[in-house]
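**Q** Below: sequence and its predicted model.
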Number of protein chains: 2
Amino acid sequence: MADDGINEDGARVTIRTVAADAGVSVAAVSKVLRNAYGVSEALRTKVETSIERLGYRPSVAARGMRGQTFTLGVMLVGIDNPFLPSVYRGIESVTEKAGYKIMVGLGAARKETEVRLIEQMIDNRMDGIIIVATQLGGEVLESYAQKIPTVVIGHHEATAQQFDTINSDDVTGAELAVEALIKRGHKDIAMVALGLRRKNMADVSPQRERGYQRAMQRAGLAEYARIIQFPTADLPRGEAINALLTSPQRPSALFCWSDLDAIPILNAAVEAGLSVPDDLAIVGYDNSPVAALPLISLASIDQDGERMGRVGAEALFSRMAGRKVPEHILIRPTLIPRRSLYRPTV
Amino acid sequence: MADDGINEDGARVTIRTVAADAGVSVAAVSKVLRNAYGVSEALRTKVETSIERLGYRPSVAARGMRGQTFTLGVMLVGIDNPFLPSVYRGIESVTEKAGYKIMVGLGAARKETEVRLIEQMIDNRMDGIIIVATQLGGEVLESYAQKIPTVVIGHHEATAQQFDTINSDDVTGAELAVEALIKRGHKDIAMVALGLRRKNMADVSPQRERGYQRAMQRAGLAEYARIIQFPTADLPRGEAINALLTSPQRPSALFCWSDLDAIPILNAAVEAGLSVPDDLAIVGYDNSPVAALPLISLASIDQDGERMGRVGAEALFSRMAGRKVPEHILIRPTLIPRRSLYRPTV
DNA sequence: TGATTTACGTAGAACGGTGCACAAACGGCG
DNA sequence: CGCCGTTTGTGCACCGTTCTACGTAAATCA
C-alpha cells in the first residue's frame, strides 16, 4: 500500500492518477475532494477507495492557484511570550474541528519581519490570517485586510472596518489589579508600563495605563498615581529595576503591565532584602506559568488566552463565510491572587 | 505607487503584467526573478524597475508547482518548551541571510499531529524541513526524508541514512552534571528521567540516563545509582514529586533530565522546608530562562540551542545543494553552576 | 571570410489542481 | 410517446509560475 503519495513507478500520484484508477474524470475527483454539489454516493465511494489505495494527497500549491487552501496563517509576535501558547491552543481547537490546517509565522516583534510574514501568508494563498499582538499600525492592517480575511488578537483597533479584533478588556484588568491593592490598604501604588518609542493606544500597555489611572482617580488616590516607563523587553532592565527599588519614593505597591517585567522586579526586590508583599506588593499581567511557581507566587491578571484564541478563530471563519461588518470583542479578565499581593492567613 | 500587488484595475499583478510593462517575455521576467543564467544587465534593470513600479510579488503557490518555493518548514514540538526559542533563533539567523522564508509547524508532541504537519509541509512544497525534538521513529523519518531534504534536531538517530541529525552530546552533558555534584561531596545522587511509554534511545532522556550511569560507575558510586521515571510533562507530577521528597531514601542530590521537571521539584522542596542545596542539591537540563531567576537559581546544563539551530540550517542547505551522505553532529554542552548546586562563598 | 562558439531572449509545454458550461441519463407527467 | 426539468458526470480553459528547447545576433577562431 503506497501511502507515501508516490506509486511504484516513482511517479507522483496526482488527481489524474486517481481519476484513471477510479475510471472517472478528473473533474469528478475534484468534486469529491471539495465535496462539491452533484456527486452520487456511488461515485464518491469509488473515488474515495482509489484515493485510499493510492495514498493520494492533493497539492496545496496547485489548489491555491484557483481555489481554497484550507490553511490559515497565524502570526505570533515571538515564541517566548508566556501568553501565546494558550491563544494558540484556542485557535487550534477550533481549526482542527473545521478541518483546516495552520501555518505559523514567528514575528520577533520587528515591524519589518511582521510585514514580511503577512505578505508571505498572502503569497502562500492562506484562506485567512490571525495576527496576534502585532506592532503594526491600523492603516497597514486595514490595507492587508482588504486582500485577505483578517482577525487581530491583542491589539485595540475598535474602529477598524476591514478586520475584527479580539481583546482582553485591558482597562478593566488594570482596574481589577489596582482595586485589589487598594483593598489591601495600599495608597502609594505605582505602575510599570512598557516604554514604547511611539505611544499607540492600540497597544495593550497604554490601555492598562488608562485603567490604572481611572482606578486611582476613583479611589481618590490621583496624587499618588505615577507611571514608570520601562525599556522594551529585550533591553537590559537591570538598571531601571535598581533605580525603582532604591528610590526614596519607592511605592508600597506596584502594578506591572506584564509578568515579563513583574517577575524580574519581584526577584530583584527579594534579592535586595525587601519583603514581598510587606515592603512591596506586586500584581502582574498575563498569569504566566512562572508566576504560579511557589517560589515566585506572583499575583497576576489572567486574560484567558485560550478563549481569545477560540473566539478569534470563530470570527475568522464567519468572516471567511462572507460577513462584512466588523466585530470588536472584549473579553473580561480575572485576578489571580497570590502571595505577592497578600500574605495568606495561615 | 501600488505596492499591494493589485493594480489600479483591481486585477492581480502577475508575471505577465510585469512582462508587458517591461516590454519583454514572461520567461525573461522569470529568469530575472530566479537570477538564472543569461540575462543582460539592461534587461535586469528594466524588469526590476517594472517589478518595483507595479509592486509585483511572485506567487509562492504557483512557484511550488514547478520550481522551488524558497521556503523551509520548521517543526517544533510545542510553543512552551524553553529550549525551542534559541534553536529557532539559530535557524532563522541562517535562513534569513540566504533569503529563505520559514514556515513553522507546532507539533504539540502528539505523533499524529506531527505526521500531519510534516505531510502538510510536503504538500506545501517546502524546499526542505527541520524537525526539532520529534517523537517520531527512525523508520517514519527515513521515509519522509526520501521525499524532502530533512534535518532532525534533538533526536538521536546516529545511523540514519536519509537525513542529518544535530544533537547536544547528552551523554557528556549528564556526566558534567553528575561530576559537578560528586565534586561537591555528594554520593547519593539520583536521577529523574522522563517516563516514556516505550523507551527509545533516540530520545534525549535515555541518552542522559546513560551518561548518568557512566559517571556514577566511573566514580565508584554504582550502588547509589537509581533512576526515577517521572510521568510526562502534561500529567500532574505533584504526587511523584511528593513521593520523592518525603521518601526515607531521599537522595542528597538530584540530576534532572530537564528544567521542566527540575523547577517544580526545586519549588516543592523549598516549600516543604528543605534547604537547597544543603538538604538537596539539584542540577537540571536546558538552562531555561526561568532557571536563571535569582529566586530559582537552578544549576543547569546548557545546550547552546542557537548553535544547534545554526548548524542544523546549514546542514539542510548543504543537503538541498545535493549532498547525499548523512551528517550526524554532536555539540558539546556546558554546565551553568548556580545556587541549587553550591552555596556561593560570600 | 566562413565556421563555430557564446550570450541573450523567446515560445510554449508543463505543473496539479478548480470550476464553468454543457452533455447525457433519468424520471415524471400530460 | 414526446416533452421537460433535474441529477450526475465530463471536457476544457484557466490559475501563475518554471524550464526546456530553440532562434538570433554578436563575438571569436581558423
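**A** Everything's here; your move. Nothing here was measured: the structure is a model prediction, and the numbers come from that model.

**Q** and stretch A:106-123, anywhere near DNA strand D?
**A** No. Figure legend: stretch A:106-123 not in contact with DNA strand D (Cβ under 7 Å from any atom of the strand); closest approach 8.4 Å. Backbone N, C-alpha and C define where each C-beta goes, glycine included.

**Q** Give me the distance from that stretch to the chain's centre.
**A** Relative to its parent chain, stretch A:106-123 has a centroid offset of 15 Å by Cα atoms, centre = their mean, to the nearest Å.

**Q** swap in stretch A:281-291?
**A** 17 Å.

**Q** and that stretch, which residues are buried?
**A** Buried residues in stretch A:281-291, counting neighbours by 16 or more other Cβ atoms under 10 Å in any protein chain shown, are found at A:281-288, A:290-291.

**Q** Can you list which of those are found in strands?
**A** A:281-285 (DSSP state E).

**Q** Name the SS class of residue A:72, please.
**A** At residue A:72 the chain is in strand, as set by DSSP: H, G, I helix; E, B strand; the rest coil.

**Q** For it, name its beta-bridge partners.
**A** residue A:102, residue A:128 (DSSP bridges).

**Q** for the one 4 residues further on, same thing?
**A** Here residue A:76 sits in beta bridges with residue A:106, as judged by DSSP bridges.

**Q** neighbours around it, how many?
**A** 28 (other Cβ atoms under 10 Å in any protein chain shown).

**Q** quick one: buried residues of the worst-scoring helix or strand of chain A on mean pLDDT?
**A** Between all helices and strands in chain A, the lowest mean by mean pLDDT, DSSP states H and E belongs to helix A:238-246, at a mean of 81. Buried residues in helix A:238-246, defined by neighbour count with 16+ other Cβ under 10 Å: A:240-241, A:244-245.

**Q** okay, the buried residues of stretch A:281-291 in CSV with pLDDT and distance to residue A:120 next?
**A** Formatted as CSV, the buried residues of stretch A:281-291 follow (pLDDT from 0 to 100; distance: Cβ to Cβ, whole Å):
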residue, pLDDT, distance to residue A:120
A:281, 95, 45
A:282, 96, 40
A:283, 97, 38
A:284, 96, 34
A:285, 95, 31
A:286, 93, 28
A:287, 94, 32
A:288, 91, 29
A:290, 92, 32
A:291, 94, 34
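
**Q** Any residues of the stretch 51-200 of chain A in contact with chain B? List them.
**A** A:57-65, A:69, A:71, A:76, A:78-80, A:84-85, A:88, A:92, A:101-106, A:108, A:116, A:119-120, A:122-125, A:143, A:146-147 (Cβ under 8 Å from any Cβ of the partner chain).

**Q** If we use 6 Å, what do you get?
**A** With Cβ under 6 Å from any Cβ of the partner chain as the criterion, the stretch 51-200 of chain A meets chain B at residues A:57, A:60-62, A:64-65, A:79-80, A:85, A:88, A:101, A:103-104, A:106, A:120, A:123-125.

**Q** buried subset of those?
**A** Here, 16+ other Cβ under 10 Å leaves A:57, A:60-62, A:64, A:79-80, A:85, A:88, A:101, A:103-104, A:106, A:120, A:123-125 buried among those.

**Q** So which of the residues you listed belong to helices?
**A** A:60-62, A:64, A:85, A:88, A:120, A:123 (DSSP state H).

**Q** Between all of those residues, which two are at the greatest distance?
**A** Farthest pair in those (Cβ to Cβ) is A:62 and A:85. Separation: 33.4 Å.

**Q** To what extent is the closest residue to residue A:109 other than its chain neighbours buried, counted in neighbours?
**A** Nearest residue to residue A:109, sequence neighbours excluded (Cβ to Cβ, 6 or more residues apart in numbering or on different chains): residue A:77, at 4.9 Å. Using other Cβ under 10 Å, residue A:77 has 21 neighbouring residues.

**Q** that older thread, which ones among the buried ones among the residues of the stretch 51-200 of chain A next to chain B also lie next to DNA strand C?
**A** Applying Cβ under 7 Å from any atom of the strand, the subset of those adjacent to DNA strand C comprises A:57, A:62.

**Q** wait, doesn't residue A:312 sit right on residue A:149?
**A** No. Counting by Cβ atoms under 6 Å, residue A:312 does not reach residue A:149; the two are 11.9 Å apart.

**Q** of these two, who's got more company?
**A** residue A:312 (27 against 23).

**Q** all helices of the stretch 151-300 of chain A, in order?
**A** For the stretch 151-300 of chain A, the helices defined by DSSP state H, counting those that start in this stretch cover A:170-183, A:204-218, A:238-246, A:259-271.

**Q** Lowest average pLDDT across those?
**A** Sorting the helices of the stretch 151-300 of chain A by mean pLDDT places helix A:238-246 lowest, at a mean of 81.

**Q** so what's the backbone phi/psi at residue A:157?
**A** Residue A:157 adopts backbone torsions of phi -140, psi 70, taken as degrees, to the nearest 10.

**Q** Compute the number of surrounding residues for the closest residue in space to it that isn't next to it in sequence.
**A** Closest residue to residue A:157 apart from its sequence neighbours, by Cβ to Cβ, 6+ apart: residue A:138 at 4.9 Å. Look at residue A:138: counted by other Cβ under 10 Å, it has 20 neighbours.

**Q** what's the distance between residue A:138 and residue A:326?
**A** Here the criterion is Cβ to Cβ, to the nearest Å. By it, residue A:138 lies 12 Å from residue A:326.

**Q** Which residues are in contact with whatever residue of the stretch 101-250 of chain A ends up closest to DNA strand D?
**A** Scanning the stretch 101-250 of chain A for the residue nearest DNA strand D gives residue A:123, at 8.4 Å (criterion: Cβ to the nearest atom of the strand). If a contact means Cβ atoms under 6 Å, 6 or more residues apart in numbering or on different chains, then residue A:123 has B:57, B:59-60 as its contacts.

**Q** try residue A:113
**A** residue A:107 are the contacts of residue A:113 under Cβ under 6 Å, 6+ apart.

**Q** And the one 4 residues further on, by the same measure?
**A** Contact criterion Cβ under 6 Å, 6+ apart gives A:75, A:105, A:107 as the residues in contact with residue A:117.

**Q** likewise residue A:56?
**A** Neighbouring residues of residue A:56 by Cβ under 6 Å, 6+ apart: A:13, A:18.

**Q** for it, phi and psi?
**A** When read as degrees, to the nearest 10, the backbone of residue A:56 gives phi -70, psi 140.

**Q** Name the nearest residue to whatever residue of the stretch 51-200 of chain A ends up closest to DNA strand C, sequence neighbours excluded.
**A** The nearest approach of the stretch 51-200 of chain A to DNA strand C comes at residue A:67, 3.1 Å away (Cβ to the nearest atom of the strand). In this structure, residue A:67 finds its nearest non-sequential neighbour in residue A:34, 7.0 Å apart by Cβ to Cβ, 6+ apart.

**Q** Tell me the confidence at the one you found?
**A** 91.

**Q** Check residue A:137 too.
**A** Residue A:137 carries a pLDDT value of 89.

**Q** show me where pLDDT drops low in chain A?
**A** A:1-11, A:233-235, A:344-346 (pLDDT under 70).

**Q** Let me see the domain layout of it.
**A** Following automatic domain parsing, one finds the domains of chain A at A:1-53, A:71-168+A:305-332, A:170-302.
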